[in-house]
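Student: this is a predicted model, with the sequence first.
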Amino acid sequence: LASFLPSSHRPCIATIDRVEQQQQPTPDDDIRRRRNTQTDTYKMKFTAAFSLLFIGSASAFVPAQTRREASNTALFAVDPIRIGTRGSPLALAQAYETRKRLLAAFPEELEEEGSIEICVMKTQGDMILDKSLMELGGKGLFTKELDTALLGNEVDICVHSMKDVPTWLPDGTVLPCNLPREDTNDAFIYKDGSVTKLEELPDHSVIGTASLRRQAQLMAKNPTLKCVNFRGNVQTRLRKLDDGVVDATLLAIAGLKRMDMQDCATSVLEWDEMLPAVAQGAIGIQCRSDDERSLKYLAALNDPPTKACVDCERAFLEALDGNCKTPIAGQARIIDGKIKFRGLIAMPDGSQVFDVESEGEIDNAKELGRLAGEKVKGDAGDKFFEMMVEMSPQQVLGQITK
């Protein structure tokens, strides 16, 4: 299709990693058939959506490093707004959700074909999958390349899963927008669907997860469980589960819902069973602090209740100086006009868990989160944090997989 466009308008099609082909299910395995059907359905939906978007708006797929010549032609009345995103199916679903909301909020400004570009890029965290996040150095691995592109004016906004965003942002950038939040709970997926609760897991079950938060809470319930590093996109993890690599895994139900794969979940865990990660289920959109046009667009998309809850949770995380080496969970909800928060911090093997609950005014969300962090920090004591600092990644993993 690009060959039919004038040479000055020919886009380079953004490269998206091909989802690995799944093995054919055995005829008598209903659970595997249902899970594979969900994955295949999503892949078809995504392929169809990608094709339609390309056919209808080929110029929307321009890699971040390509400078636009089109702004000097009659094709665009204004420069396109460039959305930076990772290339996983979930990240792309979130980028297209952002695009849809921008078009709905600003139909006159953004109605021209090619007025919004999706700029796909790989991060270090996407490329190195054989090591845990803790070993690689933390959550910034999923945002550094996007930060660089944003500061280099290669993109105008970046769409993030908020749980992947560090509590600090690079100078010259802000994160003024959270889209309405999806369900924040974790989904539990057992290999044949016969186990629906964490308490029912047989001793010595092998659980696939890259999250120390999940590992610590699992092992606090049953120290015999073995947790193994389990990274990759949702489809890859489900394939590994079907292949018998692990007995069970946990995923954010929000991500499954955004890809119409929620039926893959054996059950959805309540907070008492598994307290979710800080900012789980929330999409955040970042821009340059001096970019008035992007700030205007994002102000229209921001959902204030979600923003207040996410700000509260991230203030809790910041007070604890949390990173991928420390199991931390935290969630806020607005109930009857008040913001209510629950948080915890734990040893990686679940041997110690310290939790906190607090309530306050919505306008005081950040301070509420900060004070909750200070309280649980005091409850845990200096020795707890000294042990966490002194532990090497190998020592932490040794506790988990012993």
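Tutor: Nice, I can see it.

Student: okay, helices next: where are they in the stretch 151-300 of the chain?
Tutor: Along the stretch 151-300 of the chain, the segments classed as helices by DSSP state H, counting those that start in this stretch run 212-221, 234-242, 253-258, 292-301.

Student: same list, those, but as a markdown table with mean neighbour count please.
Tutor: The way it works is simple: take the backbone N, C-alpha and C, and place the C-beta from them, glycine included. Listed next are those as a markdown table, based on neighbours: other C-beta atoms under 10 Å:
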| stretch | mean neighbour count |
| --- | --- |
| helix 212-221 | 24 |
| helix 234-242 | 20 |
| helix 253-258 | 22 |
| helix 292-301 | 16 |
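
Student: got the buried residues for stretch 337-349?
Tutor: Counting neighbours by 16 or more other C-beta atoms under 10 Å, one finds that the buried residues in stretch 337-349 are 339-349.

Student: equivalent analysis for stretch 172-182, please.
Tutor: Here stretch 172-182 shows 173-179, 181-182 as buried, counting by 16+ other C-beta under 10 Å.

Student: could I have the CA atoms of that stretch written out in PDB?
Tutor: Presented in PDB, the C-alpha positions along stretch 172-182 are these (Å, rounded to 0.1, in the frame of the first residue of the first chain):
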ATOM      1  CA  GLY A 172      11.600  18.100  31.600                       C
ATOM      2  CA  THR A 173       8.900  15.500  31.700                       C
ATOM      3  CA  VAL A 174       5.600  15.200  33.600                       C
ATOM      4  CA  LEU A 175       2.900  12.600  34.000                       C
ATOM      5  CA  PRO A 176      -0.300  14.600  34.200                       C
ATOM      6  CA  CYS A 177      -2.800  12.000  33.000                       C
ATOM      7  CA  ASN A 178      -4.200   8.700  34.100                       C
ATOM      8  CA  LEU A 179      -7.000   7.100  32.100                       C
ATOM      9  CA  PRO A 180     -10.000   5.600  33.900                       C
ATOM     10  CA  ARG A 181      -8.600   2.600  35.900                       C
ATOM     11  CA  GLU A 182      -9.400  -1.000  35.100                       C
END
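
Student: so how far is it from its chain's centroid?
Tutor: 13 Å (C-alpha atoms, centre = their mean, to the nearest Å).

Student: residues contacting Thr306?
Tutor: Taking C-beta atoms under 8 Å, 6 or more residues apart in numbering as the contact definition, Thr306 lies against 178-181, 282.

Student: if you set the cut-off to 10 Å instead, what comes out?
Tutor: By C-beta atoms under 10 Å, 6 or more residues apart in numbering, the contact list for Thr306 reads 162, 177-182, 279, 281-284, 332, 334.

Student: which element is it on?
Tutor: Using DSSP states H and E, Thr306 falls within helix 304-319.

Student: now Gln331
Tutor: If you go by DSSP H and E, Gln331 is part of strand 328-335.

Student: against Gly193, how distant is the residue nearest to Val195 when sequence neighbours are not counted?
Tutor: In space, and not counting its chain neighbours, Val195 is closest to Leu201: 5.9 Å by C-beta to C-beta, 6 or more residues apart in numbering. To Gly193, Leu201 is 13 Å away according to C-beta to C-beta, to the nearest Å.

Student: okay, these two: which has more neighbours?
Tutor: Using other C-beta atoms under 10 Å, the more surrounded residue of Leu201 and Gly193 is Leu201, with 20 against 15.
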